[in-house]
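Novice: Prediction below, plus the sequence it came from.
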Amino acid sequence: MKLLILDRDGVINFDSDAYIKSVEEWIPIPGSIEAIAQLSKAGWTVAVATNQSGIARGYYPLATLEAMHTRLRELVAEQGGELGLVVYCPHGPDERCACRKPKPGMLEAIAEYYQQDLAGVWFVGDSRGDLDAAVAVDAQPVLVKTGKGEQTLNKGVPAHTLIYPDLASVARALL
Ligand SMILES: O=P(O)(O)OC[C@@H](O)[C@H]1O[C@@H](OP(=O)(O)O)[C@@H](O)[C@@H](O)[C@@H]1O
Ligand SMILES: [Mg+2]
Ligand SMILES: [Zn+2]
């Protein structure tokens with residue numbers, strides 16, 4: 001199976017240090033929706049693994065997070081594509097859950113859902129925690145320079161990380 005896993009904020013949509021707290025604040029990065037649609041139409045399963053500590057912090061309710069993901073699915077469907085499983089970690093850093101990146105719990109949940117081994121599966125993110133979660137399960141860390149990607153790159157990334165300007169260029173590399 002052709003499985004691609006994406007981080008959300010800073011990869012699919014613009015990120016903010018003030019968190020993405022509403023559907024109105026959830027704005028796709030140009031080319032990202034089209035990239036997901038093109039990949040899915042080419043037979044790729046595109047899943048999402050996203051930290052959403054804003055839930056634990058009380059910045060937005062679960063219903064708002066779900067509304068963002070409904071919007072994402074709708075936009076991909078309008079381009080003729082289909083978005084796969086979206087997994088999120090609603091916990092705060094101090095809850096020591098198993099799912100918050102850099103822990104690989106969400107990646108493992110996606111692998112379990114699709115009964116797919118994660119070795120070499122590309123996980124595309126903008127933060128160091130994304131890359132470390134990939135390394136933890138022998139997936140392929142892929143950094144995009146959107147969102148926090150430039151800062152992440154400047155601080156150093158795992159040795160075999162692949163680096164692309166944005167999700168659209170990742171899609172072009174796979175298609
Ligand atoms: O990039 P993904 O995983 O899709 O989501 C990241 C968001 O949950 C937020 O994660 C926060 O980190 P803390 O959770 O406060 O450490 C901050 O980096 C925010 O700027 C960011 O919007
Ligand atoms: Mg991110
Ligand atoms: Zn969690």
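Specialist: Now that the structure is in, tell me what you want to look at. Ligands and ions are numbered 1, 2, ... in the order given.
Novice: Pull up the residues of the chain that are close to ligand 2.
Specialist: 7, 9, 10, 126, 127 (C-beta under 5 Å from the ion). All C-beta atoms are positioned from the backbone trio N, CA, C, and that covers glycine.
Novice: out of those residues, who has the most neighbours?
Specialist: Using other C-beta atoms under 10 Å as the neighbour test, those are led by residue 7, with 31 neighbours.
Novice: Let me know how buried the nearest residue to it once chain neighbours are set aside is, in neighbour terms.
Specialist: Distance criterion C-beta to C-beta, 6 or more residues apart in numbering; nearest residue to residue 7, sequence neighbours excluded, is residue 125 at 3.7 Å. Neighbours of residue 125 under the rule other C-beta under 10 Å: 31.
Novice: Any idea what residue 125 is bridged to?
Specialist: When bridges are called by DSSP bridges, residue 125 pairs up with residue 143.
Novice: if I pick it, what's in contact with it?
Specialist: 6, 7, 10, 11, 101, 131, 133, 134, 141, 142, 143, 144 (C-beta atoms under 8 Å, 6 or more residues apart in numbering).
Novice: re earlier: the residues of the chain next to ligand 2: which two are farthest apart?
Specialist: 9 and 127 (8.7 Å; C-beta to C-beta).
Novice: Just confirm residue 46 is within a strand.
Specialist: Yes: under DSSP: H, G, I helix; E, B strand; the rest coil, residue 46 falls within a strand.
Novice: Surely it touches residue 37?
Specialist: No: judged on C-beta atoms under 8 Å, residue 46 makes no contact with residue 37 at a distance of 9.1 Å.
Novice: For the host helix or strand of residue 37, what does the pLDDT average out to?
Specialist: Counting by DSSP states H and E, the element that carries residue 37 is helix 32-41. Averaged across helix 32-41, pLDDT comes to 98.
Novice: all helices for the chain, in order.
Specialist: For the chain, helices defined by DSSP state H occupy the ranges 32-41, 53-56, 62-78, 105-114, 128-136, 149-155, 167-174.
Novice: Which of these sits closest to residue 22?
Specialist: helix 62-78 (6.1 Å).
Novice: Can I get that closest one as CSV, trimmed to CA atoms?
Specialist: The C-alpha coordinates for helix 62-78 follow below in CSV (Å, rounded to 0.1, in the frame of the first residue of the first chain):
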residue,chain,number,x,y,z
LEU,A,62,-13.2,19.1,20.3
ALA,A,63,-16.1,20.1,18.1
THR,A,64,-14.0,22.9,16.6
LEU,A,65,-11.1,20.5,15.9
GLU,A,66,-13.5,18.1,14.2
ALA,A,67,-15.0,20.9,12.1
MET,A,68,-11.5,21.8,10.9
HIS,A,69,-11.0,18.2,9.8
THR,A,70,-14.4,18.1,8.1
ARG,A,71,-13.4,21.2,6.2
LEU,A,72,-10.2,19.6,5.2
ARG,A,73,-12.0,16.5,3.9
GLU,A,74,-14.5,18.6,2.0
LEU,A,75,-11.8,20.6,0.3
VAL,A,76,-9.9,17.5,-0.7
ALA,A,77,-13.2,15.9,-2.0
GLU,A,78,-13.9,19.0,-4.1
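Novice: If anything else comes up later, I'll come back, but that's it for now.
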